[in-house]
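In: Need a 3D model of the following:
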Amino acid sequence: MSTNTDALKSNLGEAGSHLKQAAVAAGDAIKGVAAAAGDEARLGKAQMKSELADGALATLNAAGALGGATGEQVDALMDKGRDLLDSAAELIRERPLAAFGVAFAAGWIISKLGRSDK
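Out: So this is what the prediction gives:
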């Protein structure tokens, strides 16, 4: 006949076996999570490197375009300067006496300003 002590030992043994299996399952789960996290970390690292490389290429392309954009702006300024000179020349041809008077007045003002500093 089985006694209460034997039943207790049997049940405790079975509980211990289940606890052991639960610990093994938890360990396997943790290993699986660690492996998945490692895979995700490697994937994230690869994506980060890819984005950084794309950003570096975009920066280099922008730097290359900077020279062209600067040249375009210089050309536009030169065109505006030529237009201004052309309109000034046209004004002098149309009204030479007024242009002389304005130039004389500007020279006189500049000379007075230059003398007042001394």
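In: after the strand or helix carrying residue 53, next one along is what?
Out: Assigned by DSSP states H and E, residue 53 belongs to helix 4-94. The element immediately downstream of helix 4-94 (helix or strand, assigned by DSSP H and E) is helix 96-116.
In: got the contact list for that next one?
Out: By CB atoms under 8 Å, 6 or more residues apart in numbering, the surrounding residues in contact with helix 96-116 are 91, 92. The C-beta positions use only the backbone N, C-alpha and C, and glycine is treated the same way.
In: got the angle between it and helix 4-94?
Out: Put simply, helix 96-116 runs at 120 degrees to helix 4-94, going by axes from the mean of the first three to the mean of the last three CA atoms, to 10 degrees.
In: buried residues in helix 96-116?
Out: Residues of helix 96-116 classed as buried: none (neighbour count, 16 or more other CB atoms under 10 Å).
In: C-alpha coordinates for that helix, PDB please?
Out: Output of helix 96-116 as PDB, limited to C-alpha atoms (Å, rounded to 0.1, in the frame of the first residue of the first chain):
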ATOM      1  CA  PRO A  96      25.000 114.400 -70.600                       C
ATOM      2  CA  LEU A  97      24.700 117.700 -68.800                       C
ATOM      3  CA  ALA A  98      22.700 116.200 -66.000                       C
ATOM      4  CA  ALA A  99      25.100 113.200 -65.700                       C
ATOM      5  CA  PHE A 100      28.100 115.600 -65.500                       C
ATOM      6  CA  GLY A 101      26.300 117.600 -62.800                       C
ATOM      7  CA  VAL A 102      25.500 114.500 -60.700                       C
ATOM      8  CA  ALA A 103      29.100 113.200 -61.100                       C
ATOM      9  CA  PHE A 104      30.500 116.600 -60.100                       C
ATOM     10  CA  ALA A 105      28.200 116.800 -57.000                       C
ATOM     11  CA  ALA A 106      29.100 113.300 -56.000                       C
ATOM     12  CA  GLY A 107      32.800 114.100 -56.300                       C
ATOM     13  CA  TRP A 108      32.500 117.300 -54.300                       C
ATOM     14  CA  ILE A 109      30.500 115.400 -51.500                       C
ATOM     15  CA  ILE A 110      33.100 112.700 -51.300                       C
ATOM     16  CA  SER A 111      36.000 115.200 -51.100                       C
ATOM     17  CA  LYS A 112      34.200 117.100 -48.300                       C
ATOM     18  CA  LEU A 113      33.700 113.800 -46.400                       C
ATOM     19  CA  GLY A 114      37.300 112.900 -46.900                       C
ATOM     20  CA  ARG A 115      38.500 116.200 -45.500                       C
ATOM     21  CA  SER A 116      36.300 116.200 -42.500                       C
END
